[in-house]
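**Q** Attaching a predicted model along with its sequence, questions to come.
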Amino acid sequence: MSQDSANLDQLRRKIDCIDESIHDLLMQRSDLVAHIAAAKSDSRVSLRPGREASILRRLLARHSGAFPKMALVRIWREIMGALVALQGPFSVAVHAVGRSTSSVELARNHFGTVAPLHAYRSAGQVVRAVADGHASVGVVPLTPGTEIADEAEPWWASLTVGSGEPPRVVARLPFAVVLPAKGSPEPPQALVIACRDHDETGDDRTVLVLETGPEVSRDRLRAVLSAGGLEPAQLLAIYRHGAVWLHMVEILGHVTAADPRLVALVAPKDPISHVSVIGGYATPLAAEAIS
Ligand SMILES: O=C(O)C(=O)C[C@]1(C(=O)O)C=C[C@@H](O)C=C1
């Protein structure tokens with residue numbers, strides 16, 4: 001045996017040892033999940049998107065060396081997806097638009113290979129599947145800035161009503177944003193809904209639905225929110241329905257419905273006649289965080 005192949009053998013034996021350590025730790029991590037599941041048996045959904053976001057942020061912050069951060073994220077997404085599915089029945093309803101499989105791909109990348117995905121023809125069907133308990137979570141495509149006029153009510157408007165534990169927005173996909181190559185189309189995005197509140201992680205966004213009269217411009221809405229001490233991040237969608245306009249808006253921070261700033265938004269002199277918090281999420285990782 002040459003010196004080179006003896007060295008190679010030795011290096012491979014070290015890799016085998018490391019693989020076994022990683023494997024042992026994975027099995028130990030999975031064993032803990034049974035205890036975790038028992039500790040949250042009162043909730044309908046085992047998924048904790050905020051906890052998952054905090055884990056990824058912590059690992060990325062301590063990461064060093066040549067192993068690509070995107071691959072690290074991918075491995076942990078697969079681990080957490082598998083472990084949420086171990087805690088009880090877990091399935092994902094996806095609005096698959098026409099022939100486009102982009103939401104299916106986003107859902108698969110986020111929830112991993114274990115969770116069953118079911119395709120639905122409309123976002124409304126996805127909301128109903130989650131509300132009725134036929135699916136644990138739903139994935140609906142998001143094209144920020146969309147304007148809809150006088151068609152059937154959009155799925156997000158239906159999240160403003162409902163009693164008990166109605167579906168709410170709990171995550172935005174992709175969690176790890178990759179910048180598109182120059183000249184290529186905007187990469188697909190989606191929102192995740194589930195029958196639970198979004199957790200606070202220290203770096204969050206809240207999704208509001210604001211009802212106004214007609215002809216309220218984006219700039220006006222931004223100005224009203226800013227004057228009220230809220231930081232608008234992005235206008236996600238507008239639904240123009242005769243004299244009533246609904247705006248789905250993302251604001252910075254974890255804001256609850258009881259927040260006095262939200263209550264004060266509805267004032268006679270202002271254009272907003274109603275405010276609903278329909279969920280929120282941990283701010284997705286910026287492209288720089290994973291490059
Ligand atoms: O911490 C939990 O609640 C877990 O269920 C564990 C775990 C994980 O694998 O770390 C799995 C799924 C949840 O969505 C979040 C985290």
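**A** Thanks, I have the structure now.
**Q** Going by secondary structure, the residue nearest to His118 when sequence neighbours are not counted is in what exactly?
**A** Excluding the flanking residues, the one nearest His118 by C-beta to C-beta, 6 or more residues apart in numbering is Ala93, at 5.3 Å. From N, CA and C alone the C-beta is placed, and that goes for glycine too. Taking DSSP states H and E as the criterion, Ala93 maps to strand 92-95.
**Q** contact partners of the helix or strand following that strand?
**A** Going down the chain from strand 92-95, the next helix or strand is helix 102-111, by DSSP H and E. Identification of contacts with helix 102-111 by C-beta atoms under 8 Å, 6 or more residues apart in numbering yields 74, 77, 81, 84, 92, 94-97, 117, 119, 137, 139-141, 171, 173-175, 188-190, 192.
**Q** Which strands and helices lie in contact with the very next helix or strand once past helix 102-111?
**A** Remark: after helix 102-111, the chain's next helix or strand is strand 117-120, criterion DSSP H and E. With contacts taken as 3 or more C-beta pairs under 8 Å, 6 or more residues apart in numbering; DSSP states H and E, strand 117-120 sits against strand 92-95, helix 102-111, helix 123-131.
**Q** Quickly run through the sheet partners of strand 117-120, with directions.
**A** Looking at strand 117-120 with DSSP bridges, its partner strands are strand 92-95 (parallel).
**Q** about what we covered before: please name whichever of the helices and strands packed on strand 117-120 is nearest to the ligand.
**A** In terms of C-beta to the nearest ligand atom, the element of these nearest to the ligand is helix 102-111, at 9.7 Å.
**Q** wait, does the closest one contact the ligand?
**A** No: contact of helix 102-111 with the ligand (C-beta under 6 Å from any ligand atom) is absent, the minimum separation being 9.7 Å.
**Q** which residues sit against the strand holding Ala93?
**A** So strand 92-95 is in contact with 103-104, 107, 111, 115-123, 125-126, 129-130, 134-141, going by C-beta under 8 Å, 6+ apart.
**Q** pLDDT score for the residue nearest to Pro116 when sequence neighbours are not counted?
**A** Of all residues not flanking Pro116 in the chain, Ser91 sits nearest, at 4.8 Å (C-beta to C-beta, 6+ apart). With respect to pLDDT, Ser91 scores 97.
**Q** wait, doesn't Ser91 sit right on Tyr120?
**A** No: counting by C-beta atoms under 8 Å, Ser91 sits too far from Tyr120 to count as a contact (11.8 Å).
**Q** show me the contacts for Leu159.
**A** Shown in contact with Leu159 (C-beta under 8 Å, 6+ apart): Val127, Pro166, Pro167, Arg168, Val169, Ile193, Val209, Ser276, Ile278, Gly279.
**Q** ranges for the helices of the stretch 151-291 of the chain?
**A** For the stretch 151-291 of the chain, the helices defined by DSSP state H, counting those that start in this stretch occupy 218-227, 260-263.
**Q** Enumerate the positions of the longest one that are buried.
**A** Residues of helix 218-227 classed as buried: Leu221, Val224, Leu225 (neighbour count, 16 or more other C-beta atoms under 10 Å).
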